[in-house]
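Asker: okay, predicted coordinates and the sequence, questions at the end:
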Amino acid sequence: MSDIHAIFWDVGGVLLTNAWDRTERMATLERFRLDEEEFHSRHEMVVSSFERGKLSLDEYLQRTVFYRNRPFTPDEFRDYMLSLSRPMPEVLGFARRLSNSGKYFMGTINNESRELNLYRIKKFGLREIFRLFVSSCFVGLRKPESGIYRLAIEITQIDPHECCFIDDRALNLECAASLGMRTIQMQTLEQLRTELGKLGVKE
């Protein structure tokens with residue numbers, strides 16, 4: 001029997017491609033021929049508010065892109081942003097099987113802006129896998145702040161030693177581990193399955 005009763009997952013870089021990380025931003029800047037330095041100076045000023053749900057996507061784009069006239073529309077830009085999200089089918093399938101086993105509480109702990117997060121939840125059927133979304137845009141906290149992990153523990157009322165958190169970035173695992181959660185840095189599906197197996201987690 002596993003002593004893990006809850007599994008929390010990062011989304012971007014684990015289950016799906018990232019929503020709006022540097023790779024996605026650079027592809028978009030190239031597609032729309034925007035100045036990289038100019039965009040990123042504005043992006044860095046508002047990204048925290050954007051991911052905490054304090055700025056809508058429209059407001060974010062107004063401050064970073066459409067503060068002056070462009071030869072493309074906000075809808076064109078927004079649609080391209082959304083199109084960059086791709087699933088990691090094998091990892092999603094594995095998570096779905098764990099969820100369907102009924103043995104584990106499944107949730108996410110992730111940093112994403114509201115509109116992108118809601119789009120990805122619906123597009124990739126994440127509501128069918130996860131019972132709880134502790135997303136930065138919903139809770140006003142971001143990884144690696146300790147508060148977002150503590151909130152996930154308090155909401156579920158599951159002992160942190162009975163929780164496992166999976167993320168592809170080591171920094172995001174540190175606070176979770178300090179609170180007593182088991183942690184796994186995602187590299188490959190086989191590695192993830194092996195590490196979870198060591199904790200007694202099986203499909």
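Answerer: Received the coordinates, thanks.

Asker: report the buried residues of the helix or strand hosting residue 81.
Answerer: Assessed by DSSP states H and E, residue 81 sits inside helix 74-83. By neighbour count on 16 or more other C-beta atoms under 10 Å, the buried set for helix 74-83 is 77-78, 81. (Each C-beta comes from the backbone N, C-alpha and C, glycine too.)

Asker: likewise stretch 91-105?
Answerer: Quick answer for stretch 91-105 (16+ other C-beta under 10 Å): 91-92, 94-96, 98-99, 103-105.

Asker: look at residue 20 and give its secondary structure.
Answerer: coil (DSSP: H, G, I helix; E, B strand; the rest coil).

Asker: give me the distance between it and residue 14.
Answerer: As judged by C-beta to C-beta, to the nearest Å, residue 20 and residue 14 stand 16 Å apart.

Asker: residue 106 should be in a helix, yeah?
Answerer: No - using three-state DSSP, the secondary structure at residue 106 is strand, not a helix.

Asker: surely it and residue 100 touch.
Answerer: No - checked against C-beta atoms under 8 Å, the pair residue 106 and residue 100 is beyond contact range at 9.8 Å.

Asker: can I get the helix or strand harbouring residue 98 in CSV, CA atoms only?
Answerer: Element membership of residue 98 [criterion: DSSP H and E] is helix 89-101. As requested, the backbone C-alpha atoms of helix 89-101 are provided in CSV (Å, rounded to 0.1, in the frame of the first residue of the first chain):
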residue,chain,number,x,y,z
PRO,A,89,-0.1,12.5,-24.6
GLU,A,90,1.8,9.7,-22.8
VAL,A,91,2.1,11.7,-19.6
LEU,A,92,-1.6,12.8,-19.8
GLY,A,93,-2.6,9.2,-20.3
PHE,A,94,-0.5,8.1,-17.3
ALA,A,95,-2.1,10.8,-15.1
ARG,A,96,-5.6,9.8,-16.4
ARG,A,97,-5.0,6.1,-15.4
LEU,A,98,-3.8,7.1,-11.9
SER,A,99,-7.0,9.3,-11.6
ASN,A,100,-9.2,6.5,-12.9
SER,A,101,-7.7,4.1,-10.3
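
Asker: which elements pack onto the longest helix belonging to the chain?
Answerer: For the chain, the helix with the greatest residue count under DSSP state H is helix 36-51. In terms of contacts (3 or more C-beta pairs under 8 Å, 6 or more residues apart in numbering; DSSP states H and E), helix 36-51 is packed against helix 22-32, helix 57-64.

Asker: where does pLDDT dip in the chain?
Answerer: Of all residues in the chain, those with pLDDT under 70 make up the ranges 1.

Asker: so what's residue 5 closest to, chain neighbours aside?
Answerer: Distances taken as C-beta to C-beta, 6 or more residues apart in numbering place residue 162 nearest to residue 5, at 4.4 Å, with adjacent residues excluded.

Asker: wait, that neighbour sits on residue 6?
Answerer: Yes - at 6.4 Å, residue 162 counts as touching residue 6 under the criterion of C-beta under 8 Å.
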